[in-house]
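1. take a look and give me a structure for this.
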Amino acid sequence: MGIPKRQREIEGRHAYVDGIRYVMPINSWEASAMIAAFPCDYDAAAALLPDAYVHPFRYFRRALLVVTVIDYRQTDIGSYIEYSIAIACTKGRDKAPPLLPALFMKSFGTGQFVVDLPVSSEVSVKGGRGIWGMPKHQANLDFKTGRSWVSSQYNLDGRMVSRFDVRRPKKVWAPVNMGATNYCQFRGMIYRSFIYFKGKAGVHLMHPDSARFILGDHPNADPIRALEHRPTPLFAAFIPDVQGVLDDYFDCWFVTPNDLPEKPLGAGLEVTYPLGYSEDWLKPPQRDATFDLDKE
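-> Numbering: from 1, shown residues only. All right, here's what the predicted structure looks like:
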């Protein structure tokens with residue numbers, strides 16, 4: 001799936017949205033990324049998704065926990081790290097059949113529902129959440145590349161939420177030229193946005209110890225812990241040099257539970273309007289000194 005025609009047509013034009021300036025398309029020129037998908041408990045995954053025509057992707061009798069970390073080094077809003085914790089999902093009134101949505105992604109609306117999305121900078125929170133409805137918030141993040149491992153840790157309030165490690169593949173050869181669909185909840189609605197990536201990846205398929213997703217003791221880790229993800233990922237990949245385009249087009253619809261909600265369905269505009277435009281990062285997380293990125 002290539003970049004949409006409209007994004008190519010508006011190249012070089014300007015946008016000024018919520019006080020943030022963009023030169024179109026909204027892209028990143030220099031970045032690295034790592035991703036892995038871990039089989040997890042289906043019912044626990046379904047409990048994290050709202051009543052809004054989204055359902056966990058069915059990997060046989062399980063769901064998939066998808067962890068993606070991108071080190072954006074050059075963008076319109078400066079450099080920042082984005083640490084995504086998500087559930088692979090489909091869109092529709094009914095649950096999709098197992099596996100088939102991986103082949104017919106457009107027909108089933110295959111994508112990921114983003115559960116948590118910490119980022120490094122305040123301006124990334126303001127734009128990502130205020131415009132595209134992404135559950136961004138500022139946290140202590142890092143992105144480290146060693147000879148054997150690529151690793152990113154997510155801390156909040158001085159405590160570890162999670163650490164994500166991907167073993168560096170021996171070869172980076174697989175071409176990546178694809179789009180991805182993100183589903184996010186904000187203001188009592190589901191936002192669906194689209195991003196496109198291009199680069200070359202090194203990939204592990206169902207390989208033990210190819211990736212690790214370790215949860216800490218911060219309360220933000222508790223909903224993810226309930227997923228009981230398996231330690232061996234379905235796949236893991238490292239993309240040392242990736243270019244990305246975030247589509248300025250998105251759509252949204254109401255979350256519609258059967259029962260009358262007693263309180264607002266998640267965060268609203270009150271969490272975005274006080275934010276500023278700082279590109280400064282919080283301090284990197286305190287790490288376990290025993291973990292050696294260069295050790296096999």
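
2. number of nearby residues for the nearest residue to Asp71 once chain neighbours are set aside?
-> Excluding the flanking residues, the one nearest Asp71 by C-beta to C-beta, 6 or more residues apart in numbering is Phe143, at 4.0 Å. To be clear about C-beta, it is placed using only N, CA and C from the backbone, and glycine gets the same treatment. Residues within reach of Phe143, counting by other C-beta atoms under 10 Å, total 23.

3. and the helix with the most length in the chain, how far from the chain's centre?
-> Longest helix of the chain, by residue count under DSSP state H: helix 122-132. Put simply, helix 122-132 sits 14 Å off its chain's centre (C-alpha atoms, centre = their mean, to the nearest Å).

4. what packs against it?
-> strand 20-23, strand 111-119, strand 136-138, strand 174-186 (3 or more C-beta pairs under 8 Å, 6 or more residues apart in numbering; DSSP states H and E).

5. what pLDDT, on average, does that helix get?
-> What helix 122-132 shows for mean pLDDT is 97.

6. quick check: angle from that helix to strand 174-186?
-> Here the directions of helix 122-132 and strand 174-186 differ by 70 degrees (axes from the mean of the first three to the mean of the last three C-alpha atoms, to 10 degrees).

7. only alpha carbons, please: show helix 122-132 as PDB.
-> The C-alpha trace of helix 122-132 is given here as PDB (Å, rounded to 0.1, in the frame of the first residue of the first chain):
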ATOM      1  CA  GLU A 122       4.900  17.900  24.700                       C
ATOM      2  CA  VAL A 123       4.300  19.100  21.200                       C
ATOM      3  CA  SER A 124       3.900  15.500  20.000                       C
ATOM      4  CA  VAL A 125       1.200  15.000  22.700                       C
ATOM      5  CA  LYS A 126      -0.600  18.200  21.700                       C
ATOM      6  CA  GLY A 127      -0.700  17.300  18.000                       C
ATOM      7  CA  GLY A 128      -1.200  13.600  18.200                       C
ATOM      8  CA  ARG A 129      -4.000  13.700  20.700                       C
ATOM      9  CA  GLY A 130      -5.700  17.000  19.800                       C
ATOM     10  CA  ILE A 131      -5.800  16.400  16.100                       C
ATOM     11  CA  TRP A 132      -5.800  12.600  15.500                       C
END
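
8. need the contact partners of it.
-> Helix 122-132 is contacted from outside by 17-20, 77-78, 80, 82, 117, 119, 134-138, 182, 184, 186, 191, 193, 246, 250, 267, 269, 271-273, 275-280, using C-beta atoms under 8 Å, 6 or more residues apart in numbering.

9. now, of those residues, which are buried?
-> Buried members of these, counted by 16 or more other C-beta atoms under 10 Å: 20, 77-78, 80, 82, 117, 119, 134-138, 182, 184, 186, 191, 193, 246, 250, 267, 271-272, 275.

10. quick one: buried residues of stretch 4-17?
-> Result for stretch 4-17 [16+ other C-beta under 10 Å]: buried residues Gln7.

11. and that stretch, what's its mean pLDDT?
-> pLDDT averaged over stretch 4-17 gives 94.

12. what's the span of it, first residue to last?
-> Length of stretch 4-17, first residue to last, C-alpha to C-alpha, to the nearest Å: 21 Å.

13. just how off-centre is it within its chain?
-> For stretch 4-17 - counting by C-alpha atoms, centre = their mean - the centre lies 23 Å from the chain centre.

14. with stretch 246-261 instead?
-> That offset, for stretch 246-261, works out to 18 Å (C-alpha atoms, centre = their mean).

15. quick test: name the residue nearest the centre of the chain.
-> Ser84 (3.0 Å; C-alpha atoms, centre = their mean).

16. now that residue: which helix or strand?
-> strand 80-91 (DSSP states H and E).
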